[in-house]
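Chemist: return atomic coordinates for the entry below.
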Amino acid sequence: MAVNCGEIITLQLGNYSNYIGTHWWNIQESSFVFPEDDQLELEINQDVMFREGKNLYNQFTYLPRLVLVDTSSNFGSYAVNHSSLYGDCNPDADVPQWNGECVKYETEPEEKNEFLTDLEKQDVDGDENKEEDEEEEDISNKCYNLKDEVKSWSDYKRLIYHPNTPTILNERSYSQSWLGTFNEAKNVHFFDDFEEKVRFFAEECDFLQGFNLMGDMEDGFGGLTGLCLEYLHDEYGNKQRATFLTSTPERPNFSTIDDKLNSVLATTLTLSAACEHASFVVPMSLRTHLFSNQSSSRRFPHLIYDASNLYQSSAIIAAAYETMMLPCRRLEGATTLPRITQRLVQTKRKILSLKASLPCQFEVDKKDGTVVVDGQLQSLTPGFSDYDAKIRVYAQMTSLVGASTVLGSKRSAFSYRHVSGRVLTNVDFVETLKNPMRLRTPFPDILSPAVDYDGFISNGSDPHEENDYEMRSRCQSSVVSAQLQSDVQTKSFCKEIVDSSKSLMRWVTRPRHSESAMEVELYEQAIEYFRSARSDYGFCPDMNSSDDSDEDDDHFC
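Modeler: Have a look, this model is predicted:
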């Protein structure tokens, strides 16, 4: 392990968070630099997110420092208690403990797609049968179009996880109610197991700088996210708790008013709990708004994706997420979580927005040689607009992955060009990494045909054919730019949460379950928090002067 690497433990709570997280770990694995990669520079300290260890056979392992949680139905073909590295973690499980008759019941294993089958075969064979398998195509050079085959995040999981990584939340302990899951997870054996796994990874760290938590916020997993943040605040109060809250690109189709209420309450209570216990909070989604019926999925100029396909939409967020987290893993001059918090969180302004440009375009000014990067950053946070130079910004951090492609070897700085044509040179807190992001198998086919294999936009004279995904999966890379930002638009974000309560309150106060009274009390406290939080973000130019005016209640929910 590298000296003073400042380890980070990642927590993934919920189904969509695991969709994003699986892509994120795959992208990290694609960025590993090996001796034969002479075109790439070794600039990433992978020990920040990964850990060295030994398995039961005394073999060295290098696995993610990760604890993930999901319900049993969402694990798919993921063998929680078995892997090719660790074998059966409970070898005596099938040994009868008494002399009576035993009846064994087994469920049919989940059918694995071609990608997982080839990956499993590659892991088992290793180098033993290398000569026999010479004719077989290497998995890195094979194309897998998984768009219609992925039913779970485990269907494209490329890495092997440690046995202490997966934690199953029993279906009986999971509820669409925020408070229901909060209490059930706290009162059953589940959370003791979860704490033990977090402690396992924490105690082996030499310089733990904090936790990187990604959690769903629209369902019962929001309650688990709130419980986890409360636990981290109590047990690891001096460590950073970077919190990223996720929601799907499309609003769920609610069959009953109770389902709709549970979703809105879960979102509001999760955001409130995160603002209370987290170091900073970043809501992430491809949705334009959290609660509005007029919300739609965001569109990107050079990406083609199906908003209803979680495998595709989660890949976009994962690429932006990786761009922002990469500076924390740099070998030289790494940006730590405490430094990000210190620079971006001012007074009570914990809510940050995420914006990204994928693939990021740039040009060199012919007059003075200045590198101008395309500033058309698309927002990945609901309720926030795309990059706008007129929006008042309190603090921001900009990350550019692929700086060697953009800046070359002689330049070290760049400017942004806004969509209006105005060049912005006062971009604060800029982090650059030289190597471009590699988007290889099993990253989905979402780049438009106009994007070449290096992430550049073709001039239209020689566009790629529609079936070029086979080549993309082998050699696709791209320059990516992302930005974390604290700005005045958070006031509009808080206002949307407050306004959503106006049409809901008459339904919220209706008894729905045994804990509904307490949940209503927590919801009212959360609404009051966001009502007062608007004053922390000053004047918002796109808002009406009367913040508390009764607008069209049907606009929400």
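Chemist: how much space between L331 and K348?
Modeler: Computed with C-beta to C-beta, to the nearest Å, the distance linking L331 and K348 is 35 Å. The C-beta positions use only the backbone N, C-alpha and C, and glycine is treated the same way.
Chemist: more neighbours: which of those two?
Modeler: L331 (15 against 12; other C-beta atoms under 10 Å).
Chemist: contacting residues for that one?
Modeler: Residues counted as contacts of L331 (C-beta atoms under 8 Å, 6 or more residues apart in numbering) are 2, 42-45.
Chemist: in strands, which of those residues appear?
Modeler: Among those, none falls in strands (DSSP state E).
Chemist: will you turn those residues into CSV that also has pLDDT?
Modeler: Output for the contacts of L331, formatted as CSV (pLDDT from 0 to 100):
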residue, pLDDT
A2, 47
L42, 83
E43, 85
I44, 89
N45, 91
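Chemist: buried members of these into ChimeraX, please.
Modeler: Selection of buried members from those for ChimeraX, criterion 16 or more other C-beta atoms under 10 Å:
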select :43,44,45
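Chemist: format the contacts of L331 as TSV; extra columns: distance to V498.
Modeler: Listed next are these as TSV, based on distance: C-beta to C-beta, whole Å:
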residue	distance to V498
A2	46
L42	49
E43	44
I44	42
N45	43
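Chemist: next structured bit after the strand or helix carrying S473?
Modeler: In this assignment (DSSP states H and E), S473 forms part of helix 469-475. Tracing the chain C-terminally past helix 469-475 and defining elements by DSSP H and E, one meets strand 477-478 next.
Chemist: which strands or helices does that following strand pack on?
Modeler: Using 3 or more C-beta pairs under 8 Å, 6 or more residues apart in numbering; DSSP states H and E, the elements in contact with strand 477-478 are strand 437-438.
Chemist: direction included, what does the strand it packs on pair up with?
Modeler: strand 477-478 (antiparallel) (DSSP bridges).
Chemist: can you tell me what sits against the partner strand?
Modeler: Under the criterion C-beta under 8 Å, 6+ apart, residues 358-360, 402, 436-439, 447, 451, 453-455 lie in contact with strand 477-478.
Chemist: again with stretch 187-202
Modeler: Outside stretch 187-202, the residues that touch it by C-beta under 8 Å, 6+ apart are 9, 11, 51, 65-67, 69, 164-165, 167, 169-170, 173, 185, 208, 227-228, 231, 235-236.
Chemist: list buried residues within those.
Modeler: 9, 11, 51, 65-67, 69, 164-165, 167, 169, 173, 185, 208, 227-228, 231, 236.
Chemist: which members of those are positioned in strands?
Modeler: Among the buried ones among the contacts of stretch 187-202, DSSP E puts 9, 11, 51, 66-67, 69, 167, 169 in strands.
Chemist: between the residues you listed, which sits nearest H23?
Modeler: Taking C-beta to C-beta as the measure, L66 is the one of these closest to H23, at 13.6 Å.
Chemist: surely the closest one touches W25?
Modeler: Yes. Between L66 and W25 there is a contact at 7.5 Å, judged by C-beta atoms under 8 Å.
Chemist: quick one: contacts for I340?
Modeler: Going by C-beta under 8 Å, 6+ apart, I340 touches 242, 280, 328, 397, 484.
Chemist: in the helix or strand it falls within, what's buried?
Modeler: Assigned by DSSP H and E, I340 belongs to helix 337-344. By 16+ other C-beta under 10 Å, the buried positions in helix 337-344 come out as 337, 339-341, 343-344.
Chemist: so how far is that helix off the chain centroid?
Modeler: Helix 337-344 sits 19 Å away from the centroid of its parent chain (C-alpha atoms, centre = their mean, to the nearest Å).
Chemist: next secondary structure element downstream of that helix?
Modeler: Under the assignment DSSP H and E, the closest C-terminal helix or strand after helix 337-344 is strand 353-357.
Chemist: what's that next one packed up against?
Modeler: Judged by 3+ C-beta pairs under 8 Å, 6+ apart, strand 353-357 is in contact with strand 280-284, helix 310-325, strand 378-379, strand 480-487.
Chemist: rerun that using 10 Å as the cut-off
Modeler: Packed against strand 353-357, as judged by 3 or more C-beta pairs under 10 Å, 6 or more residues apart in numbering; DSSP states H and E, are the following elements: strand 280-284, helix 310-325, strand 378-379, strand 393-401, strand 480-487.
Chemist: include distance to N293 when you put these into TSV, please.
Modeler: Output for those, formatted as TSV (distance: least, C-beta to C-beta, whole Å):
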stretch	distance to N293
strand 280-284	19
helix 310-325	20
strand 378-379	19
strand 393-401	30
strand 480-487	26
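Chemist: for stretch 151-160, buried residues please.
Modeler: Buried residues in stretch 151-160, counted by 16+ other C-beta under 10 Å: 152-160.
Chemist: ditto for stretch 183-191
Modeler: Along stretch 183-191, these residues count as buried under the neighbour rule (16+ other C-beta under 10 Å): 183-186, 190-191.
Chemist: what's the angle from the helix holding I340 to strand 480-487?
Modeler: Here helix 337-344 runs at an angle of 60 degrees relative to strand 480-487 (axes from the mean of the first three to the mean of the last three C-alpha atoms, to 10 degrees).
Chemist: quick one: which of the helices and strands packed on strand 353-357 is nearest L119?
Modeler: Ranking the helices and strands packed on strand 353-357 by proximity to L119 (C-beta to C-beta) places helix 310-325 first, at 16.1 Å.
Chemist: quick one, the closest one and strand 280-284 angle?
Modeler: Calculated by the same axes, to 10 degrees, helix 310-325 forms an angle of 150 degrees with strand 280-284.
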